[in-house]
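Asker: Dropping the sequence and predicted coords here.
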Amino acid sequence: MVKPAHVALVGVGIAIGMSFSFAGCQEKKDTEAAPNQPATPKAPAPGAPKQSDEELNAPLAKIDDVTITLGDFQERINHQSPYIRARYTSLEQKKEFLDSLIRFEILAKEGFRRGYDKDPEVVRTMKQVMITKLMRVELDDKVTASAVADDEMKKFYDANIADYQKPEEVRASAIIVKNKAQADRVLLEAKGEAGKTNKGFRDLVTKYSADEETKLRGGDLRYFDAQTKDVPAPVVKAAFALPNTGDVSGVVDSGNGTYYVLKQTGRRKPMQRSFDDAKPQIRNKLFRDKRQQAQKDFIDGLRAQSKIEINEANLAKVRIDTTAVDDGHGHDLPPPPQQGVTPPAQAPEVPGNP
């Protein structure tokens, strides 16, 4: 069998061996075959006789103290897509694939000889791969989507019913003035060339509207339903009466001393999603939540078992290089934020997050 140390190097990126061109080898075939790339194992063909351990452990090649067995070879080649596997059915083609495994082991051994297994970058990558496997093993069997119960999903559905049951909504922009005579004059412009486009209507809002809050939004009243209390009832009724996007209303008396000229800018149909319709989406959401919580609990448990010491005095001495860096295309990356402005930052991601 291939020794564990070399298997580790598979995970830490020593697969670079497959990207090199060797004399007498076809680089394209090596890249396509990529025998060192992980993939989903393929199940034996239906009806195929089960192979004995003795057969699977039979050696195919030895590279110093490393042995490539029939099982190793078979596992690697059966990880490939059916299209790739079909290329390696003859004995000569199998020799090509075996040769690529041998080259991989030769390069891995040379990496060990040079001490690259202790290189910080290689060690970090190995840890990353190891953590990915740890989280997969820890979570995949313990937290599954099928474990989310119907009553739990129904409880979530009922608590968030507004996300699944929504009435029809309309969106409108408004020019709001304080007397009827001015509203009539504004209406003539709004129904003319000046109000045909959204930009033109916004310009009229800027020019005439007396309501500072909506004026800052270009007159936008945002989406609202027929039962809203955020917009005067006569205005709601007039907005819903506009059948098409872009239609302009007449002058609308709001009943509170102001007059509106409306332009309909959007309409949403009512949404009625039943619990059964929403179940797949809810299941996935609750599954992700459970998985994230399980991951947090697992990490918190490990943290509680560890002795962690933080030296904040030394942490404060860490120097961050904020000089401009070329992005590789002849342009500087954006300058650092102004002093005192803390940009949002992301902590290193823990592999295994859903």
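Answerer: Received the coordinates, thanks. Numbering: from 1, shown residues only.

Asker: Show me the helices in the stretch 201-350 of the chain, by range?
Answerer: Assignment of helices within the stretch 201-350 of the chain using DSSP state H, counting those that start in this stretch yields the ranges 212-215, 233-241, 275-305, 312-315.

Asker: Of all those, which one is nearest Arg76?
Answerer: helix 275-305 (30.2 Å; C-beta to C-beta). Where you see a C-beta, it was placed from the backbone N, CA and C, and this is true even at glycine.

Asker: Show me what counts as buried in the closest one.
Answerer: Ala278, Lys279, Ile282, Arg283, Leu286, Phe287, Lys290, Arg291, Gln295, Phe298 (16 or more other C-beta atoms under 10 Å).

Asker: Can I get the residues you listed in CSV including pLDDT?
Answerer: Below are those laid out as CSV (pLDDT from 0 to 100):
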residue, pLDDT
Ala278, 95
Lys279, 94
Ile282, 96
Arg283, 95
Leu286, 95
Phe287, 95
Lys290, 93
Arg291, 93
Gln295, 93
Phe298, 93
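
Asker: Go through those and name the one nearest Asp65.
Answerer: Using C-beta to C-beta, those come closest to Asp65 at Phe298, 36.8 Å.

Asker: how about the nearest residue to that closest one, chain neighbours excluded?
Answerer: Glu138 (5.7 Å; C-beta to C-beta, 6 or more residues apart in numbering).

Asker: following the helix or strand hosting the one you found, which helix or strand shows up next?
Answerer: Glu138 is part of helix 120-140 when elements are defined by DSSP states H and E. Next in sequence after helix 120-140, counting helices and strands by DSSP H and E, comes helix 150-159.

Asker: what packs against that following helix?
Answerer: Applying 3 or more C-beta pairs under 8 Å, 6 or more residues apart in numbering; DSSP states H and E, one finds that helix 150-159 contacts helix 275-305.

Asker: Please parse the chain into its domains.
Answerer: 4-43+50-119, 142-164+274-306, 165-272 (automatic domain parsing).

Asker: Quick check: Leu286 touching Asp151?
Answerer: No. Leu286 is beyond contact range of Asp151, at 11.5 Å (criterion: C-beta atoms under 8 Å).

Asker: So, low pLDDT: which residues of this structure?
Answerer: Scanning the chain for pLDDT under 70 picks out 1-49, 324-354.

Asker: hey, where'd the strands end up in it?
Answerer: 59-63, 66-69, 165-166, 169-177, 220-225, 248-253, 259-268, 271-272 (DSSP state E).

Asker: quick revisit: point out the most buried one among the domains of the chain.
Answerer: domain 165-272 (a mean of 17; mean count of other C-beta atoms under 10 Å).

Asker: related to what we said a few turns ago, out of the domains of the chain, flag the one nearest Thr322.
Answerer: domain 4-43+50-119 (27.2 Å).

Asker: how about the buried residues of helix 275-305, which pair is most distant?
Answerer: Ala278 and Phe298 (29.6 Å).

Asker: chain center to stretch 145-159, what's the gap?
Answerer: Distance of stretch 145-159 from its chain centroid, counting by C-alpha atoms, centre = their mean, to the nearest Å, is 24 Å.
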